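[1] show me how the following folds:
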Amino acid sequence: MRSVRSPLIPKAMATLALESAELPSDAVEVGRIADAWGIKGWFKVLPYSAHPEALFSSKRWFLQPTEVGTKTFTGTLKLAIKEAREHSDSLVACAHDVADRSGAEALRGARIFIARSNFPTAASDEYYWVDLIGLNVVNRQGLALGVVRELLSTGPQTVLVIEYLQDGKLQDRMIPFVAVYVDDVDLASREIRVDWQTDY
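    Presented below is the predicted three-dimensional model:
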């Protein structure tokens, strides 16, 4: 009698018992799995943030295959995290259903998503980048400066990259995300108020 494998977990994933799942509606991509680490199922993680608190605090990661290269699974898998910690200059983690090196290798390249609701609460003067993207930026005179497209880390400070339309073309302006220029961030009204002029 032939055995039948789930189409979601082909040969390379046969030693894993990962459960398929729906990606949460508030899921945020926070990193990817780089490679196996050791022989006991641990794996290296490449976080997208220099401060990956969400990876440390969440015990449920959602994985999707890499968009390029070899795919060892399809769809979305739920990974129950046992432990995630810093090691030297990288981040390593282990999961309940990944028991050995071959299981960890099968996850290589997987994109990691975490539900935004599982992020740790930020301090009153701190914001997650993902919460700032898409916010309208307005100066003290009430003039619209554009919408936050992305943030850049320049080392000593973070810079807002603002997208705006001028003469029918999309343009960028950059505003340092520091107290001297940023008056207020109102997440509820999706607005950032700044001390900045349109001709800067």
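[2] which parts of stretch 185-200 are buried?
    By neighbour count on 16 or more other CB atoms under 10 Å, the buried set for stretch 185-200 is Val185, Ile192, Arg193, Val194, Trp196. (C-beta placed from N, C-alpha, C; glycine too.)
[3] let's see which of the residues you listed end up in helices.
    Counting by DSSP state H, no part of the buried residues of stretch 185-200 is found in helices.
[4] JSON lines please, covering the residues you listed and showing pLDDT.
    JSON lines is the format used below for those (pLDDT from 0 to 100):
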{"residue": "Val185", "pLDDT": "95"}
{"residue": "Ile192", "pLDDT": "97"}
{"residue": "Arg193", "pLDDT": "97"}
{"residue": "Val194", "pLDDT": "97"}
{"residue": "Trp196", "pLDDT": "95"}
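[5] now intersect those residues with the strands, please.
    Using DSSP state E, Val185, Ile192, Arg193, Val194 are the members of the buried residues of stretch 185-200 that sit in strands.
[6] and the second one, how far from Leu18?
    Which is Ile192. Look at Ile192 and Leu18: by CB to CB, to the nearest Å, they are 39 Å apart.
[7] could you do the third one as well?
    In this structure, Arg193 lies at 45 Å from Leu18, with CB to CB as the measure.
[8] on that earlier part again, for the buried residues of stretch 185-200, which one is nearest Asn136?
    Using CB to CB, Ile192 is the member of the buried residues of stretch 185-200 that sits closest to Asn136, with 7.2 Å.
[9] identify the bridge partners of the closest one.
    Val137, Val185 (DSSP bridges).
[10] roughly how far apart are it and Ser124?
    Using CB to CB, we find Ile192 at a distance of 16 Å from Ser124.
[11] contacting residues for the most centrally placed residue in the chain?
    Closest residue to the average C-alpha location of the chain: Val30 at 1.9 Å, with CA atoms, centre = their mean. Val30 sits next to Pro47, Tyr48, Ser49, Pro52, Ala54, Leu55, Ile112, Phe113, Ile114 when contact means CB atoms under 8 Å, 6 or more residues apart in numbering.
[12] in this protein, what helix or strand scores lowest on average pLDDT?
    Least confident helix or strand, the chain: strand 19-20 with a mean of 84, by mean pLDDT, DSSP states H and E.
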